[in-house]
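Asker: Build me a model:
(2 chains)
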Amino acid sequence: MAKKVSLPLTDEALKDLRAGDNVLLTGIMYVARDSAHKRIIETLDQGKTLPFDINGQTIYYMGPSPARPGQVIGSAGPTTSGRMDSYAPRLMSTGLKGMIGKGNRSQAVKDAIKKYKAIYFAAIGGAGALISKSIKKAEVIAYEDLGAEAIRRLEVENFPATVINDIYGGDLYEEGKAKYQVKV
Amino acid sequence: MRDIDCKQITETVSNLFQEACVYLPEDVLAAIKQARQSEESPVARDVLGRILENVDISSKEKIPLCQDTGSAVVLLELGQEVHITGGDLYTAINEGVRQGYDKGYLRKSMVHQPFSARVNTKDNTPAIIHTDIVPGGKLKISVIPKGGGSENCSRLTALPPAKGRQGIIDFVVNLVDESGSNPCPPIVIGLGIGGTTDKTMALAKRALLRKVGEPNPDPEVAELEREIMQQVNNLGIGPMGYGGKITALAVHAEVFPAHIASLPVAVNIQCWCDRHKESIL
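Answerer: Here you go, the predicted structure:
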C-alpha cells in the first residue's frame, strides 16, 4: 500500500518514511536538472537570491518532452540523479528536503541526506507517460532559455515514487540487491 | 539501378522516430511481460506492472514512453544498386529527424560544443548515422532514439587476448554491477567483441537491433550470451534497481575477427525502453 505524502515535506512526515516505501506525492515540486543546477550553484556563489525559495522544497530531476496542445506537460519521467551529486549536498545545506530522480547517489549525497534529514525518492525511469498523468499544472519559473532544462514549478497529485534513501541511512538499492543477489 | 528520392527518405525517417518513441516493439513488450511472470520480487513485479501501464498510455495517447527521446541514431543498409535522387542522403535524414522531433512533440536533446557552452541545437540534429553498403537495390533504415542515461553506462575496453572468454564475462558483469539502477533495468546488453575499437563499438550498437532474446547463430557465442545473462541476473539489481531476479532482458553479442595483439570488447547498454524501428525502401 502506498503512503500518501504532502509536499512540501515536513520533518514529521520524513520520520515515517523508510527505504522501500511506495509513496504518492501531492503538492508542489520544482523541476531542475543539469544546466539549471549549474546556474543555481553559480547564483549561490554570487550571493544572489535563487529564483525560488529552496527551503523545505523538493526538486525533481527531469526534463520533459514538449506538451501537445491541451496537455499540461509531455512525457515527464526522471533523469539519472548521479549527475546532480556534485550539487546536491550544497542544496541540502541550504534547506532542500527532497530529491526525486533515478539511480545511484554518491556516498557524499547519502551522508548529506542523513545529516540534513532529507530524502531521496526514485520514480520509474522510462515511465514518463504514466507519470505525466499525476502532473496537474506545470509552469516555467526561471531559466526559460534552457528549454527542456528550465526550472519548472509543478502541482502534482498522487505522483508515484519509491523511497530510496531515508533519514535513518536506509538504502533500497543496497537492501534490494542484497536480498536477491545469488552468490556463486 | 533503382532511384530513391530524398523526400521519401525524409518522410520515412520522420515517421520512424515518431512511432519508435510511442510504440514499444512487440518483442520487447513480450520480454517485459515474461519478466513480470518470472520475477520473484513483489516490488519488482509492481515496477514491471507500472512499466506495462506506461506502454499502454503511451501508445493510446501518443505521449512518448520516456521523456528522453534520445540522440537520433540511424543505421543504414544501403544497397549498392540504389541511386539517391533529389538531394543528398545525410541531409535528407537530418531533415527527417528535424521534422519527426517537431511533429511528434519529441524532446530535443542535442547540444553544440558539448565540452563547454552546450547550447541546444533545437531540432535534435545532427543524427548519428552509420552506413553499411550491401548488395541489392534497397535501402533499410533502422532508427534508435537512444536515451542518454543508458548510453552513459556503455563502455569500451581493450582486453589482453589472454583474458579471453572469462575476461569478457567479468568486464560485462562488473559494468552492469557498477551501473546498478542508472540505465533503467531490466536492460538489453549489446556486446561487441573483436575488430578494432571503433568496429567493436559499432557492433555493440547494431546488436541492439536484434529481436530481443534471439540468440547469436554461432552456438559458442550463444553460450557466452547465456552465461553472461545468468551472471548478470545473479547480481540481484532487478527492475529499476529495487532488487530482483531480472536485471537484463537479453544479451546480444556480435563477433568480428581481431588483430593478433587485440581483443577489444564494447558494451552498449539499452534501457528497458528499448525503442527502435525499421523500414525498408
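
Asker: Which stretches in the chain count as helices?
Answerer: Using chain A. Under the criterion DSSP state H, chain A carries helices at the ranges A:11-15, A:34-45, A:88-93, A:107-115, A:128-132, A:172-180.

Asker: that answer is for a different chain, and I need it for chain B
Answerer: Counting by DSSP H, residue ranges of the helices within chain B are B:6-20, B:26-38, B:42-61, B:89-103, B:148-151, B:164-179, B:197-207, B:219-233.

Asker: Just put the ones you listed in JSON lines and tack on mean pLDDT, distance to A:Asn22 and mean neighbour count.
Answerer: C-beta coordinates here come from the backbone N, C-alpha and C atoms, glycine included. Shown next, in JSON lines, are the helices of chain B (pLDDT from 0 to 100; distance: least, C-beta to C-beta, whole Å; neighbours: other C-beta atoms under 10 Å in any protein chain shown):
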{"stretch": "helix B:6-20", "mean pLDDT": "98", "distance to A:Asn22": "30", "mean neighbour count": "21"}
{"stretch": "helix B:26-38", "mean pLDDT": "96", "distance to A:Asn22": "17", "mean neighbour count": "17"}
{"stretch": "helix B:42-61", "mean pLDDT": "96", "distance to A:Asn22": "8", "mean neighbour count": "19"}
{"stretch": "helix B:89-103", "mean pLDDT": "98", "distance to A:Asn22": "34", "mean neighbour count": "21"}
{"stretch": "helix B:148-151", "mean pLDDT": "94", "distance to A:Asn22": "22", "mean neighbour count": "21"}
{"stretch": "helix B:164-179", "mean pLDDT": "98", "distance to A:Asn22": "24", "mean neighbour count": "17"}
{"stretch": "helix B:197-207", "mean pLDDT": "96", "distance to A:Asn22": "35", "mean neighbour count": "21"}
{"stretch": "helix B:219-233", "mean pLDDT": "98", "distance to A:Asn22": "24", "mean neighbour count": "17"}
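
Asker: Let me know which of the helices of chain A is tucked in deepest.
Answerer: When the helices of chain A are scored by mean count of other C-beta atoms under 10 Å in any protein chain shown, the highest mean neighbour count falls to helix A:128-132 (a mean of 28).

Asker: Could I get the average pLDDT for that one?
Answerer: Summarised as a single mean, pLDDT over helix A:128-132 is 97.

Asker: Could I have the CA atoms of it written out in PDB?
Answerer: What follows is the C-alpha trace of helix A:128-132 in PDB, where atoms were taken according to Å, rounded to 0.1, in the frame of the first residue of the first chain:
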ATOM      1  CA  GLY A 128       7.200   9.300 -18.500                       C
ATOM      2  CA  ALA A 129       3.700   8.900 -20.000                       C
ATOM      3  CA  LEU A 130       2.400   7.300 -16.800                       C
ATOM      4  CA  ILE A 131       4.000   9.900 -14.500                       C
ATOM      5  CA  SER A 132       2.700  12.800 -16.600                       C
END
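
Asker: hmm, who's touching it?
Answerer: A:64-65, A:71-78, A:123-124, A:159-160, B:50, B:53-54, B:57-58, B:61, B:63-68 (C-beta atoms under 8 Å, 6 or more residues apart in numbering or on different chains).

Asker: returning to what we had before: output the helices of chain A as JSON lines; include the columns distance to B:Thr91.
Answerer: Output for the helices of chain A, formatted as JSON lines (distance: least, C-beta to C-beta, whole Å):
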{"stretch": "helix A:11-15", "distance to B:Thr91": "54"}
{"stretch": "helix A:34-45", "distance to B:Thr91": "29"}
{"stretch": "helix A:88-93", "distance to B:Thr91": "42"}
{"stretch": "helix A:107-115", "distance to B:Thr91": "45"}
{"stretch": "helix A:128-132", "distance to B:Thr91": "31"}
{"stretch": "helix A:172-180", "distance to B:Thr91": "45"}
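
Asker: sorry, back to before: taking the contacts of helix A:128-132, please make a ChimeraX selection of just the buried ones.
Answerer: Selecting only the buried entries of those in ChimeraX, with 16 or more other C-beta atoms under 10 Å in any protein chain shown as the criterion:
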select /A:64,65,72,73,74,75,76,77,78,123,124,159,160 /B:50,54,57,58,63,64,65,66,67,68
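
Asker: Spatially central, which residue of chain B would that be?
Answerer: Per C-alpha atoms, centre = their mean, the C-alpha nearest to the average position across chain B is that of B:Leu208, at 4.4 Å.

Asker: Next step: the contacts of helix A:128-132 restricted to strands.
Answerer: Among those, the members falling in strands are A:159-160 (criterion: DSSP state E).

Asker: still on that earlier bit, state the distance from the residue nearest to the centre of chain B to B:Ile93.
Answerer: B:Leu208 is 19 Å from B:Ile93, where distance means C-beta to C-beta, to the nearest Å.

Asker: for A:Ile59, what are its contacts?
Answerer: Neighbour list for A:Ile59: A:29-32, A:91, A:96, A:98-100 [criterion: C-beta under 8 Å, 6+ apart].
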